[in-house]
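Q: Fold the following and give me the result.
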Amino acid sequence: MSTYSNQKRAFATMRTENVPGVFSDSAGQAPIVALVDKILAAKRADPNADVSVLEVEIDQLVYSLYGLTREEIAIIEDSRQEKGSVREAANGPAVEESR
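A: Sure thing, here's the model as predicted:
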């Protein structure tokens with residue numbers, strides 16, 4: 001079985017009842033599941049596919065599900081950018097391929 005099939009199954013079967021108030025019904029899950037399916041399909045077709053737009057859509061849905069304020073979202077986004085900078089520093093700067 002492919003890695004993407006395993007990931008999809010893991011996402012579909014993960015237990016969500018312990019997540020406070022977010023996935024109280026399948027209707028709340030449907031948009032996120034649809035986006036995850038699109039990401040998996042894109043990565044299956046091209047492992048290097050840029051799925052960042054879809055990831056941002058998932059982020060926005062999760063923020064909405066939790067009812068986060070703009071200030072709370074800014075804290076999360078700033079934290080993610082800082083982690084990306086630390087990761088880049090550890091791994092070296094990204095190098096573009098020459099064609």
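Q: ok, how many other residues are close to Gln39?
A: Not Gln; residue 39 is Ile. Neighbourhood size, Ile39 [other Cβ atoms under 10 Å]: 19. Quick note: C-beta positions are derived from backbone N, CA and C, even for glycine.
Q: what's the closest non-adjacent residue to it?
A: Of all residues beyond its chain neighbours, the one nearest Ile39 is Val51 (4.6 Å), with distances taken as Cβ to Cβ, 6 or more residues apart in numbering.
Q: The one you found and Asp37 touch, don't they?
A: No. Counting by Cβ atoms under 8 Å, Val51 does not reach Asp37; the two are 11.5 Å apart.
Q: more crowded one of those two?
A: Set Val51 next to Asp37 and count neighbours by other Cβ under 10 Å: Val51 wins out with 18 against 14.
Q: For the more buried one, what are phi and psi?
A: phi -110, psi 20 (degrees, to the nearest 10).
Q: From Ile76, how far off is it?
A: With distances taken as Cβ to Cβ, to the nearest Å, Val51 is found 19 Å from Ile76.
Q: swap in Gly84?
A: Counting by Cβ to Cβ, the gap from Gly84 to Ile76 is 13 Å.
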